[in-house]
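K.L.:
got a sequence here, can you model it:
(chains A and B)
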Protein chains: 2
Amino acid sequence: MKKLFASIITIGDELLIGQVIDTNSAFIAQELNKIGVPVKHRLAVGDGYDDIWNALDEESKHAAIILITGGLGPTADDITKPLLCKYFGGNMILDEPTLEHVKYLFEKVFNRQGPLLERNRKQAEVPDVATVLKNEVGTAPGLLFEKNGTIFIAMPGVPFEMKWITTNHVIPIIKEKFETGFIEHRTLLTQGIGESILAELLQDWEEEIPAHIKLAYLPNHGMVRLRLTGNSFDKEALNNELDNQFAQVKILVKDYLITDEDIPMEQVVAKLLKAKKQTLATAESCTGGHIASLFTQHAGASNFFTGTVVCYDNRIKTELLGVPREILTTVGAVSEETVKLMAANIIKLMGTDYSIAVSGIMGPGGATDEKPVGQVWIAVANKQSVIAKQFNFRYDRTRNIHFTAINAINLLRKLILEQPI
Amino acid sequence: MKKLFASIITIGDELLIGQVIDTNSAFIAQELNKIGVPVKHRLAVGDGYDDIWNALDEESKHAAIILITGGLGPTADDITKPLLCKYFGGNMILDEPTLEHVKYLFEKVFNRQGPLLERNRKQAEVPDVATVLKNEVGTAPGLLFEKNGTIFIAMPGVPFEMKWITTNHVIPIIKEKFETGFIEHRTLLTQGIGESILAELLQDWEEEIPAHIKLAYLPNHGMVRLRLTGNSFDKEALNNELDNQFAQVKILVKDYLITDEDIPMEQVVAKLLKAKKQTLATAESCTGGHIASLFTQHAGASNFFTGTVVCYDNRIKTELLGVPREILTTVGAVSEETVKLMAANIIKLMGTDYSIAVSGIMGPGGATDEKPVGQVWIAVANKQSVIAKQFNFRYDRTRNIHFTAINAINLLRKLILEQPI
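P.N.:
Here you go, the predicted structure:
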């Protein structure tokens, strides 16, 4: 029997010309990971017949579980279904339950008038060698094939349909058919230390960890995430061992530790604020609402997040946030004075405990001789104090916006914890 | 000679456990596409020695250009460099220019005190069979290898370093070494028509297009993007042919056409506003700043985007946006009355020509018997009128937020164009 591995094949020319970013395979990988199934490959191929066929041949050499997304729709570029039918030596037949479901969706959910189109009726045709996996949230069902102990499951590429089928069919099927081990992770986030120095700190410890536990360094946004991963068939022993090793890492990096959970920076701050039952408002110029959207993307944000003024136009800085026009015309919108006033005044305007204020030049335009692209002023405040700091990022616009947001949230974290900024 | 294809290999266990989403290979694919190089595979593999080795073997069967990212850093999980050295039969030597650059970065840019760490000095070691590609923005250089007419280029996985090396080395090298053809695209966006009906509209035309032109259907967010792709060595003839075919498509889908450019919805609206020299403000409850951040992520937003009030707390809806407390306690925050007042009042508050206002229940919490998760009210306004519409999305939180934003921006587009809503 093959060692238990999964491979994920994503199908679509749009993936190979870079028109879309593949988020599907990250989701599938996470779900497989949770049930202890390691992923061998994530492979993206185009809509070509031979390319898909060869990918199936190749990946089934490496993996006992092949998960496929894309190409199951009703248009001419969707060739996955007839291809799979031929690959597994079947014939296309009409699946009555799928036809009923397609009819139901068109009539009741999409409110479409008139008889079912032939191409939609065809969505109810399936290979007679496949097990049909009902897709409650779309017209194209999932399809399960088995060959020489390997299972192949094809799903539509539309993300929420793929997620639904993964959760409701794929994961239960794999748990039933395979004896899976356990993969467990421990992740922590450090700030204020480079990857190399961190590696020096951990070197002696790292040389001693057993082979079934791996350490990964994940640098991003000027911070380094560390991940310990272990796998075993004995879940309890594995967790004990990981807890023990993780405790040692935490001691070694304690001066730089932001969180020992695998959560982003804004969730670290959200937890601090919720625990203290305190509230936050933001006053955003250059980030244009990005800081607010980072906080509010997570459920439960309404427990601490009060609101935001995006003051993209300088007039709004004056009219809503009380930055005197003279300050804007003398020291300018990107200045210590401006962000301090923005931070102090948004607290008063929204009646919150804390605030974040940012103003900077994100590029590519807007630079002056004194203020290059990437120059940013960030202020954080509570009712007693306002602290401001200047940053110079000098990357591209997208990265400057994100770096500004992450650093602003980190400054707030330090203020809440009464750490020096 | 092999047909000219590229394969992209991304290395890192984080890709196989779904901890990070792979944006690198989308960027590389786009850049290759611009110079007429089609991508055969995008393959993600883990940090294992054999996995990387086998991926090199396998992909070099398919492609004449192999681009590799990840595993070039200074820590123990970075094994790509010694592996490539062995794969191409070389020895590691110290590269003096790289050492000078590493020293410069640590001393002048990172401001690190003390002598260079051994592990950082090692970043200047390179296989003697590689051509070193200087990395101006980081410590790990790119490495170019050649074998049997195939080129292999390894780059660090940090996105902005990878982008810098791709732009400054990879693309010029490929253009010099290979005779590349041309790949050209035409993309349009439709709204208000499903993928199947669209395919019916286009069927007769689609059957007649020549083999070197492909049509792709890309449904997302309740809209369908159509892409025509052609490749040829004769750029002018290809562009003429695509223009001609594209003109036919545009006539066929004219009733549903939002834009004939490959730009997102907010860019369509941004162009309309900039052309009219008119301005926009948003009042956001449930989207929490996401609509503002969609507009402001693009350069030039300050030409039309004035600002936003995020009123996550109902108190802010009353105090800043003038929604009477009685309305919030009777019909509620998620209601036609509330969003209409938000939309009308943000125009007055910020002095803009147009506004968007949204309020809804994004989930997973917050639902009531009358108002399920996914129920949203959206209003758009100009100085003369306010129009509101209710939507029911019922997906997960992330998708509900994004659907709300896209539909709100589309309603504004219709208002600007004086189309029925």
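K.L.:
the longest helix anywhere in chain A: how far from the chain's middle?
P.N.:
The single longest helix within chain A, with elements called by DSSP state H, is helix A:397-416. Distance, stretch centre to chain centre, for helix A:397-416: 18 Å (Cα atoms, centre = their mean, to the nearest Å).
K.L.:
could you pull up the mean pLDDT of that helix?
P.N.:
If you average the pLDDT over helix A:397-416, you get 95.
K.L.:
stretch A:224-235 now?
P.N.:
For stretch A:224-235, the per-residue pLDDT averages 92.
K.L.:
starting at the chain centroid, how far to that stretch?
P.N.:
With Cα atoms, centre = their mean, you get 20 Å for stretch A:224-235.
K.L.:
buried stuff in that stretch?
P.N.:
A:224-230, A:232 (16 or more other Cβ atoms under 10 Å in any protein chain shown). Where C-beta positions appear, they are placed from N, C-alpha and C, glycine not excepted.
K.L.:
likewise stretch A:191-199?
P.N.:
A:191, A:193-199.
K.L.:
need the residues you listed in JSON lines (columns: distance to chain B).
P.N.:
Formatted as JSON lines, the buried residues of stretch A:191-199 follow (distance: Cβ to the nearest Cβ, whole Å):
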{"residue": "A:Gln191", "distance to chain B": "15"}
{"residue": "A:Ile193", "distance to chain B": "11"}
{"residue": "A:Gly194", "distance to chain B": "7"}
{"residue": "A:Glu195", "distance to chain B": "6"}
{"residue": "A:Ser196", "distance to chain B": "5"}
{"residue": "A:Ile197", "distance to chain B": "7"}
{"residue": "A:Leu198", "distance to chain B": "8"}
{"residue": "A:Ala199", "distance to chain B": "5"}
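K.L.:
all helices for the stretch 201-350 of chain A, in order.
P.N.:
A:235-252, A:265-276, A:290-296, A:314-319, A:325-330, A:336-350 (DSSP state H, counting those that start in this stretch).
K.L.:
could you export the ones you listed as a markdown table, including distance to B:Gln419?
P.N.:
Shown next, in a markdown table, are the helices of the stretch 201-350 of chain A (distance: least, Cβ to Cβ, whole Å):
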| stretch | distance to B:Gln419 |
| --- | --- |
| helix A:235-252 | 58 |
| helix A:265-276 | 38 |
| helix A:290-296 | 28 |
| helix A:314-319 | 30 |
| helix A:325-330 | 39 |
| helix A:336-350 | 37 |
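K.L.:
return the most buried member of the ones you listed.
P.N.:
helix A:290-296 (a mean of 28; mean count of other Cβ atoms under 10 Å in any protein chain shown).
K.L.:
off-centre distance for that helix?
P.N.:
Helix A:290-296 sits 14 Å away from the centroid of its parent chain (Cα atoms, centre = their mean).
K.L.:
and for stretch A:129-137?
P.N.:
On Cα atoms, centre = their mean, the centre of stretch A:129-137 falls 27 Å from the chain's centre.
K.L.:
try stretch A:145-162
P.N.:
That offset, for stretch A:145-162, works out to 22 Å (Cα atoms, centre = their mean).
K.L.:
buried sites along that stretch?
P.N.:
Buried residues in stretch A:145-162 (16+ other Cβ under 10 Å): A:145, A:150-159, A:161-162.
K.L.:
mean confidence score for that stretch?
P.N.:
93.
K.L.:
that stretch near chain B at all?
P.N.:
Yes - judged by Cβ under 8 Å from any Cβ of the partner chain, stretch A:145-162 and chain B are in contact via A:158-160.
K.L.:
got the end-to-end distance for that stretch?
P.N.:
17 Å (Cα to Cα, to the nearest Å).
K.L.:
just confirm A:Ser293 contacts B:Gly289, I think it does.
P.N.:
Yes - counting by Cβ atoms under 8 Å, A:Ser293 touches B:Gly289, with 4.2 Å between them.
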